[in-house]
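1. no sequence for this one, just the structure:
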């Protein structure tokens with residue numbers, strides 16, 4: 001799991017659906033949730049988690065997509081196996097991992113040091129831990 005320490009900046013509720021905004025190094029990240037801990041409030045610091053298989057990569061991306069979360073990062077390591085590649089990304093001294101097929105990594109010609117865009121759906125981001133209340 002990739003972990004991002006962020007601060008809750010806004011919460012929007014409608015019935016049982018919650019859209020939570022987080023601030024991370026002047027970037028906004030969004031999470032969609034049906035179940036929200038009562039201790040999650042504006043100003044609270046949390047540890048967000050996302051599975052590596054839910055981090056999508058793009059190289060030389062331009063255009064619009066429906067992913068709520070988009071961060072620019074630099075590839076720090078690539079570990080390729082027979083079928084999959086684990087791509088570790090660095091952004092603001094935080095490590096994100098993306099697991100992609102080996103074919104995708106090869107087709108994109110991913111290299112250490114490349115600048116990429118990482119996408120995460122709001123429904124795939126979750127709060128792993130509340131750091132301070």
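-> Structure's in. What do you need? Here the structure is a predicted model, which is why all the values come from computation and not from measurement. Residues are numbered from 1 along each chain as shown.
2. now residue 39: how far from residue 128?
-> Between residue 39 and residue 128 the distance is 14 Å, computed by C-beta to C-beta, to the nearest Å. Yep, even glycine has a C-beta here, placed from its N, CA and C like the rest.
3. neighbour count winner among the two?
-> residue 128 (15 against 11; other C-beta atoms under 10 Å).
4. thought that one was touching residue 1?
-> Yes - counting by C-beta atoms under 8 Å, residue 128 touches residue 1, with 7.0 Å between them.
5. please enumerate the shared neighbours of those two.
-> Shared contacts of residue 128 and residue 1 (C-beta atoms under 8 Å, 6 or more residues apart in numbering): residue 49.
6. list the contacts of the residue most central in space within the chain.
-> Compute the mean C-alpha point of the chain, and by C-alpha atoms, centre = their mean the closest residue is residue 120, 4.8 Å away. Neighbour list for residue 120: 29, 50, 54-56, 67-69, 71 [criterion: C-beta under 8 Å, 6+ apart].
7. quick one: contacts for the residue lying closest to residue 121 once chain neighbours are set aside?
-> Excluding the flanking residues, the one nearest residue 121 by C-beta to C-beta, 6 or more residues apart in numbering is residue 67, at 5.7 Å. By C-beta under 8 Å, 6+ apart, residue 67 lies in contact with 56, 119-121.
8. what is the nearest of these to residue 9?
-> residue 120 (17.0 Å; C-beta to C-beta).
9. neighbours around the residue nearest to the closest one when sequence neighbours are not counted, how many?
-> Distance criterion C-beta to C-beta, 6+ apart; nearest residue to residue 120, sequence neighbours excluded, is residue 69 at 4.1 Å. Residue 69 is flanked by 22 other residues according to other C-beta under 10 Å.
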